[in-house]
Every structure is written in structure tokens, then in C-alpha cells.
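Q: pasting a predicted model and its sequence here:
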Amino acid sequence: MSWGTELWDQYDNLEKHTQWGIEFLDKYTKFVKERAEIEYSYAKQLRNLSKKYQPKKNSKEEEDQKYTSCKSFLTTLQELNDYAGQHEVISENLTGHIIAELTRYMQEMKQERKSYFHEGRKAQQHIETSWKQLEASKRKFERDCKEADRAQQYFEKLDADINVTKADVEKARQQSNLRHQMAADSKSDYSSTLQKFNQEQHEHYFTHIPNIFQKIQDMEERRIKKLAELMKKFAEVDRQVIPIIGKCLDGITAAADSVDVKRDTQLVVEAFKSGFEPPGDIEFEDFSQPMQRTVSESSLSNSKGEGRSETKGKPKGKLWPFIKKNKTRSFCFHKELMKRTLGKPTYAYEAREYFLSLKLGSGPEDFSNLPPEQRRKKLQQKIDELNKEIQKEVDQREALTKMKDVYIKNPQMGDPNSVDPRLSELSQNIERLRQECQKFEGWLAEVEGRLPTKNDMNRRQSGVYDGQSTQSTQNTPAVSNCAQDRESPDGSYTEEQSQESQVKVTAPEFDDDFDDEEPLPIIGTCTALYTFEGHNEGTISVTEGEVLNVIEEDKGDGWTRVRRSEDEEGYVPTSYLDVCLETNAKES
């Protein structure tokens with residue numbers, strides 16, 4: 001059904017309807033915009049929610065991540081963050097694919113509609129002009145006919161009057177003939193104008209207007225079709241992220257399934273196990289016999305009178321380690337109490353009082369304020385941290401030693417003596433860390449119920465600094481005399497500092513010089529991330545984006561040795577490079 005034939009006389013209504021169609025598109029565009037804003041706001045709120053409940057660094061919440069339920073909750077927060085990302089994708093797709101396309105299409109449709117109705121108005125104005133011309137021709141023809149009739153009547157009147165001269169009659173005749181001729185001409189003009197108008201009117205209502213209205217109909221059909229397509233795309237935007245959202249939900253479900261009840265309860269035991277044994281039976285004290293009563297060591301306190309008389313002027317035979325008044329005891333006293341309570345009965349509520357008494361103060365270095373099991377864990381953790389620090393210092397010393405060897409063989413690259421202060425400092429740090437490690441190992445051995453021996457200490461030391469390379473052993477001899485921890489009879493420790501030996505670095509013997517015919521092999525390539533001006537000896541200047549060959553990787557000192565050409569090489573900060581080593585180089 002065509003608008004051109006069915007709605008040929010509904011120009012104004014079609015204009016209103018098409019305007020309504022554009023307004024409806026604008027309405028749908030606003031709807032999609034608000035939906036995109038809601039999705040973006042929802043995603044932002046989800047991200048803030050996930051961030052809010054993330055465990056804070058260096059806090060108790062971070063320590064709680066050892067429990068599987070806490071790990072599951074952390075996974076839930078991560079999956080929720082990914083879930084929020086999918087809503088951001090929905091918002092971006094709605095904005096980029098639907099709103100942008102709707103805005104562009106509305107502008108095009110407005111221009112197209114304007115041109116069609118402008119063309120229709122021109123056709124309407126043309127037919128109205130033709131109609132006016134026809135009406136003017138018709139009125140002229142009517143006026144001329146009336147004038148001709150009046151002239152004819154006037155002529156007949158004069159011709160019948162015998163008193164009128166022949167000249168006046170002739171004049172009236174000529175005037176009548178002239179009027180009749182003008183009427184005939186007007187008739188002819190009116191006839192041609194009418195024929196022309198009819199033709200134009202037929203073309204207007206059967207050709208021009210149907211064509212224009214057909215174009216408007218096609219435009220309206222395209223608008224409806226485009227709206228339907230965008231509605232489908234609106235649903236497709238959500239459908240595209242459903243699989244990923246499903247994976248996020250599956251991840252949350254899997255995290256919930258990974259919760260291990262037994263594991264969490266076992267971690268509680270490991271976290272709070274004191275190592276003390278349950279209290280023994282309380283001895284019966286017979287007050288009915290008139291004899292000197294012996295107070296049981298397991299009782300909380302002696303009787304008032306006897307206790308005072310027996311303990312007056314002499315130290316008490318035994319103090320309970322978990323009484324509040326003992327919280328100000330010295331560091332060694334706490335150690336002695338911990339030693340005395342190992343494997344001996346005590347009271348649980350006294351242990352609780354002991355922990356509360358020490359809660360407000362900072363703990364001693366050897367963690368003697370903790371129960372044996374917790375103290376052992378803390379000491380082991382401290383030993384592991386010290387071993388890592390020793391490993392780091394040893395790596396830096398090896399790298400500097402190697403750099404000094406290069407400087408000795410190639411003085412133009414740098415002064416070998418410039419690294420001696422740093423090597424000495426590293427050796428001192430290593431010695432200090434080893435002494436610290438031995439001290440904590442002694443305390444650990446005490447908790448485990450044995451005294452430390454030299455062999456035990458050597459076995460407990462990290463293999464990192466015991467298993468150094470032959471080159472570093474030759475170049476920088478390790479300090480042999482370390483402070484040994486000795487346990488005093490009362491449980492305290494004393495340290496005897498040995499004379500620290502001065503570190504001397506000697507240059508290793510190389511088979512070939514640095515500039516021999518066989519240079520160091522290329523082990524990879526690198527790209528300069530930033531421009532570096534190598535003003536110091538041994539360094540090389542590089543520009544951003546420059547590609548160079550790697551001949552020596554970073555040994556922990558922050559420098560990488562590169563080569564630009566056969567006779568141009570030097571050191572560049574590793575942080576300035578994007579290094580890509582070859583597979584065989586990585587394995588070696």
C-alpha cells in the first residue's frame with residue numbers, strides 16, 4: 001500500500017507523523033544513554049565495593065588470607081571486579097555502537113525529510129500558482145463576456161432608436177464587435193489555461209506527489225527497520241558478555257567449593273597452639289592433721305601466714321609465668337619462664353592472663369613472650385627473612401666483584417678501587433646478617449629442646465652463602481670468625497664479637513684480555529626504553545629505541561653489559577633496557 005496513492009491529500013498529517021518518528025528515535029536514544037549510564041555507575045559501584053573489602057596490606061586482614069574461606073572471599077572479590085568490567089563493556093558498547101549510530105542516523109534522516117517536504121511544498125506552490133492563473137483567466141473571460149453583452153444591448157438599442165445618427169449606430173456596432181472579439185480571446189485563453197492546469201494537476205496528484213510521498217514512505221520504513229536492528233543490537237550487547245559473566249559466577253562457585261573446613265580448623269590450631277601441656281591434678285592438702293603442711297607446687301598461692309613467713313627475706317621458690325604482675329619482668333626472666341614451662345603442667349586461664357599482660361607492650365627480640373609453638377614459628381620466619389637478605393647481599397657482592405675484575409683488565413672502563421668501599425660494606429652486612437641468623441637459630445634450637453652446635457648452625461644456614469662460586473671465594477674470602485651465641489645458665493644469651501677481618505679483593509686471572517680476538521659471546525638483545533648518557537667510565541650512551549646486543553646480564557647490581565659494535569661496548573642501567581635473552585643463555 002502506497003502513501004502516494006492512498007494519502008495523496010494528507011500532506012500535513014504525513015509531515016506530523018514523520019516528525020513524530022524522529023522524536024521517537026531521539027526518545028530511544030535517550031533511553032539507551034540512560035541505560036549506559038546505569039551500567040557504568042553499577043560497574044563503578046561494584047569496583048568500589050570490591051576494593052573496599054580487599055585486605056589491607058601489612059594488616060591482620062592480609063594475615064587471615066591463609067584460611068581457605070578468606071581465600072575464597074578474595075577470589076569472589078576478584079571475580080566481582082571482573083564482573084564489573086563486563087558491565088563497563090556493556091556501557092561502552094551501548095555508547096559506541098548504538099548511541100553513536102542513532103545520533104548519526106537521526107541527523108541524516110532530518111536532512112532527508114527536510115529535502116522531501118521542501119520538494120512537496122514546491123509542487124504544492126506550483127499547482128496553487130496554476131490554479132490562480134486559471135481563476136484569473138476565468139474571471140477575465142467572464143468579465144469580457146458581460147462587457148460584450150452590454151455592448152450588444154447598447155448597439156441594438158441605438159439601432160432601434162430613429163433619433164440616433166447613423167454614425168453613433170456604427171460606432172456602437174464597432175464597440176460591440178470589439179467586445180465580442182475580446183470575449184472570444186478570453187475564452188480561448190481560458191480554455192488553454194484550463195487545459196494546462198488540468199494537465200499539471202494530473203501530474204501533481206498522480207506523479208509528483210506520489211513520488212515524493214513514496215520517498216517519505218521509504219524513509220519511514222528505513223527508520224522503523226533501523227530501530228528494530230538497534231533493538232536487536234541492544235540485546236546482543238548483553239548476550240555477548242553473558243559467557244564471561246557466567247565464567248565469573250563459575251569462578252565464585254569454584255572458590256566456594258574450594259573452602260576446606262578441616263584445613264581452616266587445622267590452621268587455627270597452628271596459629272594459636274601454645275605448646276604447653278594441660279594442667280595436672282591438684283594435690284590434696286590435709287588441714288585436719290596438726291602437722292606442718294606442705295604446700296603443693298600446683299596450687300596457685302601459699303596460705304597467707306605461712307607463705308609470708310617462709311618467703312620473707314628469701315626469693316620465692318617458684319613464680320607462675322602467667323600472672324599479670326609478671327608482665328614487667330625482664331627479657332631474660334621471660335625466657336627462663338618459657339624454658340621452665342616446657343613440658344610441665346600449667347593452667348589455661350593463667351596462660352590467657354599471661355598473653356593479656358604482654359599484649360600492650362612490644363615483644364622482645366627473641367619472641368620469648370610467645371608460647372613455644374608460636375615462638376618457634378616466629379623465629380623460623382625471622383631466620384628465613386635473614387637468609388633472603390644474605391642471598392641478596394651475596395649476589396650484589398658477586399656482581400661488584402665481577403665488575404671490579406673487568407675494571408682491572410680494562411682500566412679505561414672504570415677505576416677498580418671505586419668499588420672497594422661498596423664491597424667492604426657488603427661484606428660487613430653479610431657478616432652482620434650471619435651473626436643475626438646464628439643468634440635466632442640459637443633461640444630456635446632452645447625452643448626445639450636442644451642447644452645449638454656449630455655443625456647444626458652450619459646446616460641451618462642457607463646454602464646460598466655457603467655455596468658461593470669458586471671465583472667469589474678466591475676473590476673475596478668470607479669472614480671466618482663470627483659472633484657465637486652462648487647460652488648462660490639462667491637462659492640469657494651473650495655475644496662475643498670477633499675481630500672483623502678486612503676484605504681484600506684481588507683481581508682474578510683471565511686467560512684472555514678484554515680486547516682479545518675472541519670477545520664475549522652475544523647472549524641476547526635489548527631495546528633502550530630511555531635515553532642514557534654514559535658520562536662515567538665503563539658506561540656507554542644509548543638513545544631511546546636503540547637495539548643493542550647483550551653480552552653480560554644483570555648480576556644483581558642493576559647494570560647490564562651491552563655491545564653496539566665490535567669495538568664499542570659498556571654498561572647501561574638494567575631499568576633503562578627491555579632485555580630479551582636467548583633460550584640457551586637463560587638455561588645457563
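A: Now that the structure is in, tell me what you want to look at.

Q: every contact and neighbour count from this point should use C-alpha atoms.
A: Will do.

Q: how about low-confidence regions in this protein?
A: 289-363, 449-518, 585-588 (pLDDT under 70).

Q: centroid-nearest residue for it?
A: residue 81 (8.9 Å; Cα atoms, centre = their mean).

Q: how near is that residue to residue 42?
A: In this view, residue 81 and residue 42 are 11 Å apart by Cα to Cα, to the nearest Å.

Q: also residue 77?
A: 15 Å.

Q: one more: residue 117?
A: 44 Å.

Q: and residue 425, by the same measure?
A: Taken as Cα to Cα, the span from residue 425 to residue 42 is 55 Å.

Q: show me where the stretch 301-450 of the chain has its helices.
A: Along the stretch 301-450 of the chain, counting by DSSP state H, counting those that start in this stretch, helices occupy 304-311, 331-341, 348-358, 372-409, 420-447.

Q: list the contacts of the closest residue to residue 159 other than its chain neighbours.
A: What sits nearest to residue 159 in space, not counting adjacent residues and going by Cα to Cα, 6 or more residues apart in numbering, is residue 169, at 5.8 Å. Contacts here follow Cα atoms under 8 Å, 6 or more residues apart in numbering; on that basis residue 169 touches 155, 158-159.

Q: give me the buried positions along the helix or strand where residue 169 lies.
A: Using DSSP states H and E, residue 169 sits within helix 166-203. Going by neighbour count (16 or more other Cα atoms under 10 Å), the buried part of helix 166-203 is 169, 172-173, 175-177, 179-180, 182-184, 186-187, 189-191, 193-194, 197-198, 200-201.

Q: between helix 166-203 and the following helix or strand past it, find me the angle.
A: Counting by DSSP H and E, the next helix or strand C-terminal to helix 166-203 is helix 209-257. Helix 209-257 and helix 166-203 are oriented at 20 degrees to each other (axes from the mean of the first three to the mean of the last three Cα atoms, to 10 degrees).

Q: for residue 144, see how far away the residue nearest to residue 159 is.
A: Counting by Cα to Cα - residue 169 and residue 144 are separated by 21 Å.

Q: now swap in residue 183 and tell me
A: According to Cα to Cα, residue 183 and residue 144 sit 5 Å apart.

Q: next: residue 32.
A: Residue 32 is 69 Å from residue 144, by Cα to Cα.

Q: same question for residue 531.
A: Taken as Cα to Cα, the span from residue 531 to residue 144 is 101 Å.

Q: ok, those two, which is more surrounded?
A: Remark: of residue 531 and residue 144, residue 144 carries more neighbours, 21 against 14, as counted by other Cα atoms under 10 Å.

Q: secondary structure element holding that one?
A: For residue 144, the host element (DSSP H and E) is helix 100-160.

Q: what do you get for residue 571?
A: Following DSSP H and E, one finds residue 571 within strand 568-573.

Q: now for that strand, which elements pack on it?
A: Packing contacts for strand 568-573, counted by 3 or more Cα pairs under 8 Å, 6 or more residues apart in numbering; DSSP states H and E, involve strand 559-565.

Q: ok, the strand it packs on: who's next to it in the sheet?
A: strand 547-552 (antiparallel), strand 568-573 (antiparallel) (DSSP bridges).

Q: residues making contact with the last one?
A: With Cα under 8 Å, 6+ apart as the test, strand 568-573 has contacts from 413, 532, 534, 538-541, 558-563.

Q: please repeat the previous calculation with a cut-off of 6 Å.
A: 538-540, 558-563 (Cα atoms under 6 Å, 6 or more residues apart in numbering).

Q: same question, stretch 38-56
A: With contact meaning Cα under 6 Å, 6+ apart, stretch 38-56 is reached by 61-62, 77, 81, 84, 87-88, 91.

Q: now those in CSV, with secondary structure and distance to residue 245?
A: Output for the contacts of stretch 38-56, formatted as CSV (DSSP: H, G, I helix; E, B strand; the rest coil; distance: Cα to Cα, whole Å):
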residue, secondary structure, distance to residue 245
61, helix, 28
62, helix, 27
77, helix, 14
81, helix, 11
84, helix, 9
87, helix, 9
88, helix, 12
91, helix, 15
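
Q: so can I have CSV of those showing distance to residue 246?
A: Formatted as CSV, those follow (distance: Cα to Cα, whole Å):
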residue, distance to residue 246
61, 29
62, 28
77, 15
81, 14
84, 13
87, 13
88, 16
91, 18
